[in-house]
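Trainee: here is my input, please return the structure:
(one chain, ligands or ions: 1)
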Amino acid sequence: MKPTILITQKLPENVIDYLKAHCECRYWTPSSDSTIEEALKGVDGVMVSGIAINEKTLSMADRLKVVSTISVGYNHLDIEAMKAKGVVGTHTPEVLDDTVADLVMALMLGAARRIASLDAYVKSGNWLPTDVETLFGLDVHHKKMGIIGMGRIGRQIVKRATAGFDMTVMYHNRHRDEEAERLWGITYASISELLSEADFVVLMVPLTESTRGLMDADAFRKMKNTAIFINASRGQTVDEAALIHAVEHGEIWGAALDVFCQEPIDADNPLLKHPRILTVPHIGSATEETRTRMAMSAAENLVAVLNDKEAPYLIPAFKKQ
Ligand code: DGY
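Mentor: Model (predicted):
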């Protein structure tokens, strides 16, 4: 008998076909009549992306073996609650590295060259004013980038920044990446040094208790007043009030954000009102090709666990020591 799984979002056709070949599929979305708790009753596996999985959502799960998230980040999964229920978690690293790195470059260029506000400016019937300097942005090429969190995505950002934009790169990470230092001539720095020297500070850390609120008022004060802050990690790594204060008071030049403390962001959030803050709706990995690869990777993880095979990408906390 095939295992039964729950699909909680629209998936590409090839992924649905793959899942149907291996499992009985049930469907649930937040707009369904039942709750997620009820929907998890009687299923062996579930595919999620943003839905929180915790003690409450697992309360009626009576035979669940695996939660497969279509994301590299898994801060929406309560690992301890899953372990207590004997449920394992899988995620989708690697397939999105280039795509997220591309978005980081787009955010950096977009903020420095003010692309979104200039687009709105031209589309409202304007052209170059006599005081054209009011439209000036900042150079990106030959500047210094500081990356906090040098994982697989960080490495792809380094390649783009050094080879494409002649930037020098400094980084901070829990562990030094000596190979990356050799390959691309990047330098290891303390967070303080990095903040005070970089022209572009890129935050790429996972959300953990030690990174929550990492970018606070003190951190923004250390940055140059010509620097731009870029966050493509998780919103909760930043004290948003401190960030808006830093931009409004000229402590930093601007920011570009893919992620926010609250998603969807509240329409009244002051981050949405400042012209030097570029915002996009958590779309780091959101291209047709990459989201399809991520969904297939998640499906393969799920099917492997349900067949008692080693999942290609088990979340590290579930790996046997
Ligand atoms: C992830 O996969 O965790 C990303 O945030 C999605 O863009």
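
Trainee: which stretches in the chain count as helices?
Mentor: Secondary structure of the chain (DSSP state H): helices located at 13-22, 36-39, 79-84, 97-112, 115-123, 152-159, 165, 178-184, 191-197, 217-222, 240-248, 288-306.

Trainee: what residues sit buried inside the fourth one?
Mentor: Going back to what we said before, that points to helix 97-112. 97-108, 110-112 (16 or more other CB atoms under 10 Å). Any C-beta I mention is one placed from the backbone N, CA and C, and that applies to glycine too.

Trainee: go on, the last one?
Mentor: Of all the residues in helix 288-306, those buried under the rule 16+ other CB under 10 Å are 290-306.

Trainee: the ligand contacts on the chain?
Mentor: Proximity of the chain to the ligand (CB under 6 Å from any ligand atom) is limited to residues 71-73, 96, 282, 284-285.

Trainee: surely Met60 and Val43 touch.
Mentor: No: counting by CB atoms under 8 Å, Met60 does not reach Val43; the two are 10.3 Å apart.

Trainee: more neighbours, the two?
Mentor: Val43 (23 against 15; other CB atoms under 10 Å).

Trainee: next up, the contacts around the closest residue to Ser297 other than its chain neighbours.
Mentor: Closest residue to Ser297 apart from its sequence neighbours, by CB to CB, 6 or more residues apart in numbering: Thr92 at 4.3 Å. Contacts for Thr92 were tallied using CB atoms under 8 Å, 6 or more residues apart in numbering; they are 69-72, 293-294, 297-298, 301, 313.

Trainee: pLDDT score assigned to Thr92?
Mentor: With respect to pLDDT, Thr92 has a value of 98.

Trainee: Gln321 too?
Mentor: 73.

Trainee: what about it, how many residues nearby?
Mentor: Residues within reach of Gln321, counting by other CB under 10 Å, total 2.

Trainee: do the same with Ala256
Mentor: 26.

Trainee: try the one 10 residues further on
Mentor: Applying other CB under 10 Å, we find 12 residues neighbouring Asp266.

Trainee: centroid-wise, who is the farthest residue in the chain?
Mentor: Ranking residues of the chain by C-alpha distance from their mean position (CA atoms, centre = their mean) puts Thr130 at the top, at 40.3 Å.

Trainee: quick check: phi and psi at it.
Mentor: phi -70, psi -40 (degrees, to the nearest 10).

Trainee: from now on call the first residue 45
Mentor: Sure thing, new numbering starts at 45, so read that last one as Thr174.

Trainee: that one and the ligand: what is the separation?
Mentor: Counting by CB to the nearest ligand atom, to the nearest Å, the separation of Thr174 from the ligand is 42 Å.

Trainee: OK, contacts around that residue?
Mentor: Thr174 neighbours (CB under 8 Å, 6+ apart): none.

Trainee: quick one, grab the pLDDT at it.
Mentor: 96.

Trainee: can you check the one 3 residues further on too?
Mentor: The score at Glu177 is 97. That number is its pLDDT.

Trainee: centroid residue for this protein?
Mentor: Centre-most residue of the chain, counting by CA atoms, centre = their mean: Ser277, 4.1 Å.

Trainee: list the contacts of that one.
Mentor: Residues near Ser277 by CB under 8 Å, 6+ apart: 117, 193, 247-251, 255, 303.

Trainee: now these in CSV, with neighbour count and pLDDT?
Mentor: Below are the contacts of Ser277 laid out as CSV (neighbours: other CB atoms under 10 Å; pLDDT from 0 to 100):
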residue, neighbour count, pLDDT
Gly117, 18, 96
Gly193, 20, 97
Leu247, 23, 98
Met248, 24, 98
Val249, 23, 97
Pro250, 15, 95
Leu251, 18, 96
Thr255, 19, 97
Val303, 23, 98
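
Trainee: quick check, nearest of those to the ligand?
Mentor: Among these, Gly117 lies closest to the ligand (CB to the nearest ligand atom), at 3.1 Å.

Trainee: does that closest one touch Arg278 like I think?
Mentor: Yes: taking contacts as CB under 8 Å, Gly117 lies within contact range of Arg278: 6.4 Å.

Trainee: any common contacting residues for the two?
Mentor: In contact with both Gly117 and Arg278: 250-251, using CB under 8 Å, 6+ apart.

Trainee: how many residues are close by the closest residue to Ser161 other than its chain neighbours?
Mentor: Nearest non-adjacent residue to Ser161, counting by CB to CB, 6+ apart: Pro319, 5.0 Å away. Pro319 has 12 neighbours, counted by other CB under 10 Å.

Trainee: who touches stretch 354-362?
Mentor: Contacts of stretch 354-362 (CB under 8 Å, 6+ apart): 110, 118, 121, 123, 127, 132-138, 341, 344-346, 348-349.

Trainee: rerun that using 7 Å as the cut-off
Mentor: 118, 123, 132-137, 341, 344-345, 348-349 (CB atoms under 7 Å, 6 or more residues apart in numbering).

Trainee: again, but for stretch 331-341
Mentor: 55-56, 58-59, 62, 114, 136, 139-140, 143, 329, 357.
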